[in-house]
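Student: what follows is a predicted structure for the sequence shown.
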Amino acid sequence: MNTHFDRIEQLRDIMSRNRYDAVIVSGTDPHKSEYFAPRWRGVEWLTGFSGEAGDVVVTADHAGLWTDSRYFIQAVAELDGSGVELHKSLQGDMTAIPQWLAAHFSGRSSLRIATCGACQSVAFVRYLQETLNAAFQNEESEILLAGDPLDGLWEDRPAIPCTDIITLDEQEVGETRLSKIAWLRECMASQPGCDAILLSSLDQIAWVLNVRGDDIDYNPYVISYLLVTADTVQWYVSKEEVEDGSETEDSFALLESQGIEIQPYDSIYSGIYAYADEGDGKIFVDLASLNAQVYVTLCDALGEERILTGTSPVILRKACKNPKEIEGFRNAFLEDGVAVERFLYWLETSLQEGRAVTEWEASLKLTSFRAEIDGYRGDSFGTISAWGPGAALPHYSTPKVDSPIIQGKGLYLVDSGGQYFYGTTDITRTVPVGALSTLEKEDYTLVLKAMIRLSMAVFPDGTPGCQLDSLARTHLWQTRRNYGHGTGHGVGFFSGVHEGPQSIRPTNTVPFRAGMVTSNEPGMYREGLHGIRHENIVLCVEDGENEFGKWLRFDTLTCCHFDTSALIASWLSPEELQWLNQYNESVYQRLASRVEAADGPAIRAWLRKKTLPL
């Protein structure tokens, strides 16, 4: 019998005893994180699905997983035997969870649904309630948010992580935490009656307090809440007794000396009631990251009239990097470029020597090169190491067991990144590992043209990402080709590799500003054949002003060559060819001595050959 099938049946027993018509298990944590700790991997524990995005609904006669196209193939394999049906989100004919529940129980007059309120967004709970009220034409349906339906069933559930906490100073990040707190209070004061702000997004808390941890894989965050009032700062973070002499003890001591109170993580709820009793001021929250359980507590303690909602001011301020952060990024991409060039040299020579290299071995080798860099704090996401058909999946998960061997033909794609004290990196390179078909060369060339076009873009100040996205796709569209993901995402500073508010995608309307760091990564994917993605990280910079207004452009931060042997050179315009030749030459000039110092003169000669102009 399938373990996950059994767990779902045990959950149904709990549902029956508590008279739940349905249970919803959310694929996130109390802070709406992209990546989350094992404690909140309830979807995986219950169903076996290990993707980063997915929600599960269990009723007495149905179990379903809702996930998007990045994970369809993975979900089919991992759900096998569990009794869980795949519901394909974001597809034209797919029904969302609220509508599906209303239709599934169409003969009923009300429902009783249980979910973990701490892991559900306010928006989803509201939408679910409104959908059920409209479907049943009454307000009798209950959505139970207290507790977690998996409690009592998941006996060996991991604890809330409690890793060492470090602090960063002004010399490392360019601004003190006290300066950021003062700015945050100015933002509060601009809202009539507001004297507090509650932050629950982990990247925002890390930025405000200049702290980092290791509570979540790939993201240097500390699981916590931050409550800033007009005269106090309370960080709800402590989860267990702090060890003497630990980095956490030193960090807490420094923060407390600067007026920041350290509170137990779980006391956020009592802290809200304490704030409510201290006066009649209003508190600002961002519902995009605030979970439903905390919001319910706020409503109970203060009443909705004392809650101000909107977009956190931290998001945009954090996205526009200061000079010290930009300096750190430039250094990070130089160091990271050395690691990636060493890896590409190792891979090419290994294959030429006839070695059997698996995708997983290649992934580990790249990580080992990064681990040699001073200031390395881990990878910024799980490396996508994919040859041939595997690369046709944009979010391919490289298998550890039975990992495919990189064959001596076709294309190999590697998408990876590192976390460093002085910056976060993300880079994709697609390289030929043998003979290529005409179609592979065409796709390779068109995708590189798309990336170069965006790299050379000059655009008015305030241009949104949706317009830049169209610019990148032009050459692909002219040949009736396209890709199904966005062209670029924001990147944090020693923070999350995916950061808003800006992105380069058809739906993003956030205006670009100088200081924003963003990926430039068009792609092309042919199922069962190959996948191609070329990715650099770019910095948005000012490019002058005239009678038509202010202008912006991109400055490329990534430093690693593009392989020109796979190109159809005649398809490049003179401007594109010039950009490519200048870029590759700049890579050689900046990295040649560095790679030689690491691996000897042979790699320098190899890099010289790879960067010769077309």
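Tutor: That came in fine, so what should we check first? Residues are numbered from 1 along each chain as shown.
Student: what sits against the closest residue to Phe105 other than its chain neighbours?
Tutor: The shortest distance from Phe105 to any non-neighbouring residue, by Cβ to Cβ, 6 or more residues apart in numbering, is to Leu111 (5.7 Å). C-beta: built from backbone N, CA, C; applies to glycine. Leu111 sits next to 21-22, 101, 105, 132, 136, 141-142 when contact means Cβ atoms under 8 Å, 6 or more residues apart in numbering.
Student: for Glu353, phi and psi?
Tutor: Main-chain torsions, Glu353, degrees, to the nearest 10: phi -80, psi 0.
Student: per-residue pLDDT of it, please?
Tutor: Looking at Glu353, its pLDDT stands at 96.
Student: and the contacts of Leu111, which of them are in helices?
Tutor: 101, 132, 136 (DSSP state H).
Student: nearest to Val285 among those residues?
Tutor: Checking those against Val285 by Cβ to Cβ gives Leu132 as the nearest, at 24.7 Å.
Student: now the closest one. Nearest residue, chain neighbours left out?
Tutor: Nearest residue to Leu132, sequence neighbours excluded (Cβ to Cβ, 6+ apart): Ser141, at 4.1 Å.
Student: same question for Glu361.
Tutor: Ser403 (7.2 Å).
Student: wait, what's in contact with the one you found?
Tutor: Applying Cβ under 8 Å, 6+ apart, the residues near Ser403 are 358-361.
Student: same thing but 7 Å
Tutor: 358-360 (Cβ atoms under 7 Å, 6 or more residues apart in numbering).
Student: which strands or helices does the helix ranked longest in the chain pack on?
Tutor: For the chain, the helix that runs over the most residues, judged by DSSP H, is helix 323-352. Helix 323-352 sits against helix 359-371, strand 423-424, strand 427-432, helix 574-599, helix 601-610, with contacts defined as 3 or more Cβ pairs under 7 Å, 6 or more residues apart in numbering; DSSP states H and E.
Student: just name the most buried of those.
Tutor: strand 423-424 (a mean of 30; mean count of other Cβ atoms under 10 Å).
Student: how about the secondary structure of the nearest residue in space to Ala75 that is not next to it in sequence?
Tutor: Nearest non-adjacent residue to Ala75, counting by Cβ to Cβ, 6+ apart: Leu86, 5.1 Å away. At Leu86, secondary structure determined by DSSP: H, G, I helix; E, B strand; the rest coil is strand.
Student: confidence score at Leu86?
Tutor: 94.
Student: same question for Leu90.
Tutor: Predicted confidence (pLDDT) for Leu90: 67.
Student: in the stretch 251-400 of the chain, where is pLDDT below threshold?
Tutor: Across the stretch 251-400 of the chain, nothing is flagged by pLDDT under 70.
Student: return the set of buried residues in stretch 473-484.
Tutor: 473, 475-476, 481, 483 (16 or more other Cβ atoms under 10 Å).
Student: cool, stretch 165-175 as well?
Tutor: Those would be 165-168, 173-175, for stretch 165-175 by 16+ other Cβ under 10 Å.
Student: inside helices: which ones of those?
Tutor: If you go by DSSP H, these have Val173 in helices.
Student: switch the contacts of Leu111 over to a markdown table; also include distance to Glu576, pLDDT and neighbour count.
Tutor: Below are the contacts of Leu111 laid out as a markdown table (distance: Cβ to Cβ, whole Å; pLDDT from 0 to 100; neighbours: other Cβ atoms under 10 Å):
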| residue | distance to Glu576 | pLDDT | neighbour count |
| --- | --- | --- | --- |
| Asp21 | 59 | 96 | 18 |
| Ala22 | 54 | 97 | 22 |
| Leu101 | 51 | 95 | 24 |
| Phe105 | 57 | 95 | 19 |
| Leu132 | 54 | 95 | 24 |
| Phe136 | 59 | 93 | 17 |
| Ser141 | 58 | 93 | 22 |
| Glu142 | 60 | 94 | 16 |
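Student: the closest residue to Glu341 other than its chain neighbours and Glu353, how far apart?
Tutor: Of all residues not flanking Glu341 in the chain, Val595 sits nearest, at 5.3 Å (Cβ to Cβ, 6+ apart). Between Val595 and Glu353 the computed distance is 19 Å (Cβ to Cβ, to the nearest Å).
Student: report pLDDT for the residue nearest to Phe105.
Tutor: Predicted confidence (pLDDT) for Leu111: 94.
Student: the chain should start at 44 in everything you say after this.
Tutor: Okay, using 44 as the starting number, the last item reads as Leu154.
Student: give me the phi and psi angles of it.
Tutor: phi -130, psi 160.
Student: go ahead and confirm Phe605 touches Leu491.
Tutor: Yes - using Cβ atoms under 7 Å, Phe605 is in contact with Leu491, at 6.4 Å.
Student: common neighbours of these two, please.
Tutor: Joint contacts of Phe605 and Leu491 (Cβ under 7 Å, 6+ apart) are His577.
Student: out of these two, which sits in the busier spot?
Tutor: The residue with more neighbours, out of Phe605 and Leu491, is Leu491; 25 against 21, by other Cβ atoms under 10 Å.
Student: who's in contact with the more buried one?
Tutor: Neighbours of Leu491 in contact, by Cβ under 7 Å, 6+ apart: 577, 605, 610.
Student: redo that, cut-off 8 Å
Tutor: With Cβ under 8 Å, 6+ apart, Leu491 has these contacts: 577, 605, 610, 623.
Student: please, which helix or strand holds the second one?
Tutor: Element membership of Phe605, judged by DSSP states H and E, is empty: it is in no helix or strand.
Student: any idea how far it is from Gln625?
Tutor: Going from Phe605 to Gln625 by Cβ to Cβ gives 12 Å.
Student: how far does stretch 156-163 sit from its chain's centre?
Tutor: Taking Cα atoms, centre = their mean, to the nearest Å, one finds stretch 156-163 lying 23 Å from the centre of the chain it belongs to.
Student: need the CA coordinates for it. PDB is fine.
Tutor: Only the C-alpha atoms of stretch 156-163 are listed here, as PDB (Å, rounded to 0.1, in the frame of the first residue of the first chain):
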ATOM      1  CA  ILE A 156     -13.600  23.500   5.800                       C
ATOM      2  CA  ALA A 157     -10.400  23.300   7.900                       C
ATOM      3  CA  THR A 158      -7.000  24.700   7.000                       C
ATOM      4  CA  CYS A 159      -4.000  26.100   8.700                       C
ATOM      5  CA  GLY A 160      -4.700  29.800   9.000                       C
ATOM      6  CA  ALA A 161      -1.000  30.600   9.600                       C
ATOM      7  CA  CYS A 162      -0.200  29.100   6.100                       C
ATOM      8  CA  GLN A 163      -3.100  30.800   4.200                       C
END
